[in-house]
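*Asks:* turn this into a model:
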Amino acid sequence: MNLLEVRGIETGYGASQVLFGVSFSIAAGEVATLLGRNGMGKTTTIRALFGLLRLRRGEIVFAGERIDGLPTDEIARRGIALVPEGRQIFPNLTVRENLAAFGANRSASAAPWTLERVFDFFPRLATRAEHMGHQLSGGEQQMLAIGRALMTNPRLLILDEATEGLAPLVREDIWKCLAALKTAGQTILVIDKYIKRLVALADVHTILERGRVVWQGNSAALAADRSLWHRFLGV
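*Replies:* Numbers count the residues shown, from 1 in each chain. So this is what the prediction gives:
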């Protein structure tokens, strides 16, 4: 059974419609992507998933139950966590406090994410545990944002612009982190522009163009058709 099913959703801002019948699904344990140039509807899709935008048509099903129409906090409690674009950590809380504030075993995991487990996963955060959020580098802030999301023990982890603005070496650390999470069985939805890395990491891909799905397939198919990269991804 698919963990997430997005079925023909349409939404937008005010009188402006942004999404037109967007559909895709993610199986448990799968890594999926939303791809497309800037302004094609990727972040709007994420906002719809979290109930920040009301659907005009379609439905969103998570773990067999419809979640469209639910308040955002209830959707999060169902087991969906977001690492937002821009990270949005608390600048005046320490690393430890940022993590502890989100501690919850929402997936009823037998081996939940804890402070100690996050610090083992991100040793750089352990050495910065008592530093304030605003004292961290961009890479450390992204690690903290991922660790904060993991502290909720989500069934689905969503990353919007996973490596945006990071130095190449730090970006590499984040890709390794996501690969390790995949190996551990974490279901993930990623938005990012580094197609080569996403092809290596993810199982399935959905490309959006002007709010519509224009292609879906697995990594082998995407890697084999470079025309898609140039037509829809600006590579």
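
*Asks:* and the spatially most central residue of the chain, how close does it get to residue 129?
*Replies:* Central residue of the chain (C-alpha atoms, centre = their mean): residue 158, 1.8 Å from the mean position. Going from residue 158 to residue 129 by C-beta to C-beta, to the nearest Å gives 26 Å. The C-beta positions use only the backbone N, C-alpha and C, and glycine is treated the same way.

*Asks:* what does residue 168 give?
*Replies:* Separation of residue 168 from residue 129 (C-beta to C-beta): 26 Å.

*Asks:* what's the answer for residue 86, then?
*Replies:* Remark: distance between residue 86 and residue 129 (C-beta to C-beta) = 23 Å.

*Asks:* more neighbours: the two, which one.
*Replies:* The residue with more neighbours, out of residue 86 and residue 129, is residue 129; 14 against 11, by other C-beta atoms under 10 Å.

*Asks:* my guess is that one contacts residue 93, does it?
*Replies:* No: applying C-beta atoms under 8 Å as the test, residue 129 and residue 93 come out as separate, 11.6 Å apart.

*Asks:* which residues does the nearest residue to residue 215 once chain neighbours are set aside form beta bridges with?
*Replies:* Sequence neighbours aside, residue 207 is the residue nearest to residue 215 in space, at 4.3 Å (criterion: C-beta to C-beta, 6 or more residues apart in numbering). Residue 207 forms beta bridges with residue 35, residue 215, as assigned by DSSP bridges.

*Asks:* for residue 160, same thing?
*Replies:* Beta-bridge pairing for residue 160 (DSSP bridges): residue 191.

*Asks:* and it, how many neighbours does it have?
*Replies:* 20.

*Asks:* now do the one 3 residues further on
*Replies:* Summarising burial for residue 163: neighbours were counted as other C-beta under 10 Å, giving 22.

*Asks:* and it, helix, strand or coil?
*Replies:* The three-state label given to residue 163 by DSSP: H, G, I helix; E, B strand; the rest coil is coil.

*Asks:* how far is stretch 33-53 from where the chain is centred?
*Replies:* Distance, stretch centre to chain centre, for stretch 33-53: 10 Å (C-alpha atoms, centre = their mean, to the nearest Å).

*Asks:* how about the helices of the protein, start to end?
*Replies:* 42-49, 72-77, 95-100, 115-121, 123-127, 138-150, 168-183, 195-201, 219-224, 226-232 (DSSP state H).

*Asks:* counting contacts, what elements does the fifth one pack onto?
*Replies:* Which is helix 123-127. With contacts defined as 3 or more C-beta pairs under 8 Å, 6 or more residues apart in numbering; DSSP states H and E, the packing partners of helix 123-127 are helix 115-121, helix 138-150.

*Asks:* averaged pLDDT, the last one. What do you get?
*Replies:* Mean pLDDT, taken over the full extent of helix 138-150, equals 93.

*Asks:* could you do stretch 28-44 as well?
*Replies:* 96.

*Asks:* what's the end-to-end length of that stretch?
*Replies:* Its first and final residues considered, stretch 28-44 spans 23 Å by C-alpha to C-alpha, to the nearest Å.

*Asks:* so for that stretch, what gets flagged as buried?
*Replies:* Using 16 or more other C-beta atoms under 10 Å as the test for burial, stretch 28-44 gives 30, 31, 32, 33, 34, 35, 36, 40, 41, 42, 43, 44.
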